[in-house]
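Q: Got a sequence here, can you model it:
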Amino acid sequence: MLYKNIYAPLLWLLTVLLLTACSLQPADYPTPSEPKADSDRLIVLCEGLWGMDNSSLSLIDNGVLTNRWFQQQNPGRHLGDTGNDILQVNDTLIAISVNWSNIVQYIHPDGTAIAATENIPNNRRLATDHNGYLYVTSYADNGYVAKVDLRTKQVVDTCHVGREPEGIAYYDGRLYVANTGGYATQTKDHDYEQTVSVVDAQTMRELRRIDTGYKNLYGKPAQWGQYLCINAAGDYYNQPPQCIVLNMANDEFRTFDFPATYCCAYQGRFYILGSAYSYITEAYAFSAHTVSLPSMEAEEGLAAYDAATATILQMQSPYGIYISPYTGHLYASDARAYATNGYVYEFGRDGKQLNRYLLRGVNPSGFLAWQNPDIEEERRNVKLKILKFEQ
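A: Below you'll find the predicted structure:
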């Protein structure tokens with residue numbers, strides 16, 4: 001007890017100094033102070049560190065970076081502990097799953113918080129039917145999906161699925177839920193899952209399970225129409241990770257011998273960054289691939305964005321990939337040491353780097369590009385006036 005009383009203040013001071021050093025790093029890549037007309041309004045979700053209550057949002061508004069955007073828009077409030085997913089529900093509402101705070105936080109596109117769903121513990125990923133309901137996966141109670149009425153922000157129904165469900169997608173009245181069994185090595189009472197649960201979104205009843213043959217369907221999937229890209233992380237020992245592309249229209253799927261740890265969809269392709277970890281080698285192996293649809297043809301690299309591939313694979317810890325549906329710009333994040341401020345890189349449609357942003361946030365993993373129709377109409381009118389003046 002005496003030992004703790006003597007050294008606890010010193011340990012506390014050392015922790016504060018280390019965290020301060022992490023948060024006060026100067027930006028080594030200057031960003032413009034005025035918006036650029038050809039870029040995005042991009043919200044970046046930083047997970048933070050588990051148990052540290054330091055999830056955050058950064059805003060990249062046409063090239064101008066604003067860190068701690070959520071706190072700026074909501075003085076005196078914190079986003080919460082371990083932000084997992086971000087989803088635009090409609091023109092006026094964005095949902096954010098905050099895993100260890102056990103809430104789904106809702107904000108307007110200007111960043112102001114408006115409400116929260118507070119009774120979905122250990123929540124993970126989000127999907128919407130764009131018809132008034134949000135669907136949320138949860139690791140709690142042996143794994144289930146919650147259905148939230150967006151008018152009241154209350155849970156109106158649930159459906160038990162596989163153990164520790166992770167990714168979720170909505171297609172043609174059904175939910176496709178990737179089960180992980182991710183607590184298998186901790187609880188020792190079950191194995192890794194290797195199934196996708198198919199759930200009727202209206203009745204919230206599980207219809208069937210699709211056995212993929214590969215373990216631990218972990219991470220956020222990417223969706224393009226009827227196709228879903230799922231990462232099978234494997235068991236980190238004997239079964240290597242795989243990429244699974246599921247056709248939700250007929251439950252058929254194809255597997256590829258590379259991981260799909262971070263993926264996004266754009267113009268009929270899945271763009272995939274793989275991060276394969278082995279407990280045997282205690283090392284990560286990073287990769288980049290593209291899968292074209294509906295042909296299911298896979299190739300190394302990032303297709304038209306391949307000029308960005310080398311930069312991304314040289315990152316310390318690639319942690320996310322996203323392509324804006326508005327500009328076609330590619331964004332990739334680097335979590336670095338997973339406990340320090342992360343980077344977001346912006347690449348043009350030709351894959352050439354346009355910018356690098358140093359965030360005041362840890363583990364940037366979620367991206368959401370958003371456009372205000374009124375603002376975009378105003379910008380188009382300004383461009384037309386300029387063009388007429390130049391002519």
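Q: tally of neighbours for Thr112?
A: Neighbour count for Thr112, taken as other C-beta atoms under 10 Å: 11. To be clear about C-beta, it is placed using only N, CA and C from the backbone, and glycine gets the same treatment.
Q: now Gly51
A: 9.
Q: do Lys147 as well
A: The tally of other residues near Lys147 (other C-beta under 10 Å) stands at 20.
Q: quick one: it from Asn122, how far?
A: 17 Å (C-beta to C-beta, to the nearest Å).
Q: go on, Arg151?
A: Distance from Arg151 to Asn122, counting by C-beta to C-beta: 25 Å.
Q: Which residue of the two possesses the greater neighbour count?
A: Shown here are Arg151 and Asn122; by other C-beta under 10 Å, Asn122 has more neighbours (16 against 8).
Q: ok, the nearest residue to that one once chain neighbours are set aside - contacts?
A: Leaving aside its chain neighbours, Asn122 sits nearest to Tyr139 (4.2 Å; criterion: C-beta to C-beta, 6 or more residues apart in numbering). The contact partners of Tyr139, by C-beta atoms under 8 Å, 6 or more residues apart in numbering, come to 122, 124, 164-165, 182-183.
Q: and if you look at Tyr144?
A: Each residue near Tyr144 by C-beta under 8 Å, 6+ apart is listed here: 137-138, 158-161, 165.
Q: change it to 6 Å
A: 138, 158, 160 (C-beta atoms under 6 Å, 6 or more residues apart in numbering).
Q: In ChimeraX, how would I select just the buried ones from those?
A: Entered in ChimeraX, the line below selects the buried ones among those, by 16 or more other C-beta atoms under 10 Å:
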select :138,160
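Q: Tell me the one of the contacts of Tyr144 nearest Leu330?
A: Closest approach to Leu330 among the contacts of Tyr144 (C-beta to C-beta): Ser138, at 31.4 Å.
Q: can I assume the closest one is in contact with Arg125?
A: No - in this structure, Ser138 is not within contact of Arg125 by C-beta atoms under 6 Å, at 9.6 Å.
Q: quick revisit: so which of the contacts of Tyr139 wins on neighbours?
A: Among those, Pro165 has the most neighbours (other C-beta under 10 Å), with 32 neighbours.
Q: Identify the spatial nearest neighbour of that one, chain neighbours not counted.
A: In space, and not counting its chain neighbours, Pro165 is closest to Thr137: 4.3 Å by C-beta to C-beta, 6+ apart.
Q: Contacts only, for the one you found.
A: By C-beta under 6 Å, 6+ apart, Thr137 lies in contact with 124-125, 145, 165, 168.
Q: The same query, at a cut-off of 7 Å, please.
A: By C-beta atoms under 7 Å, 6 or more residues apart in numbering, the residues touching Thr137 are 123-125, 145, 165-166, 168, 177.
Q: Which single one of the residues you listed is nearest to Gly351?
A: Nearest to Gly351 out of those is Arg125 (C-beta to C-beta; 28.4 Å).
Q: can I assume the closest one is in contact with Tyr170?
A: No - the criterion here is C-beta atoms under 7 Å, and Arg125 misses it with Tyr170 at 11.6 Å.
Q: Neighbour count: those two, which is higher?
A: Ranked by neighbour count (other C-beta under 10 Å), Arg125 and Tyr170 place Arg125 first, with 24 against 20.
Q: in the protein, which spans are helices?
A: Secondary structure of the chain (DSSP state H): helices at 2-23, 69-73, 184-187, 309-313, 373-390.
Q: Worst mean pLDDT among those helices?
A: Mean pLDDT is lowest for helix 2-23 among the helices of the chain, at a mean of 36.
Q: Against Glu166, how distant is Gly182?
A: Distance of Gly182 to Glu166, computed by C-beta to C-beta: 7 Å.
Q: hang on, I meant Ala337
A: For Ala337, the distance to Glu166 equals 24 Å [C-beta to C-beta].
Q: got it, and Val104?
A: Distance, Val104 to Glu166, using C-beta to C-beta: 16 Å.
Q: Over to Ala184?
A: Separation of Ala184 from Glu166 (C-beta to C-beta): 13 Å.
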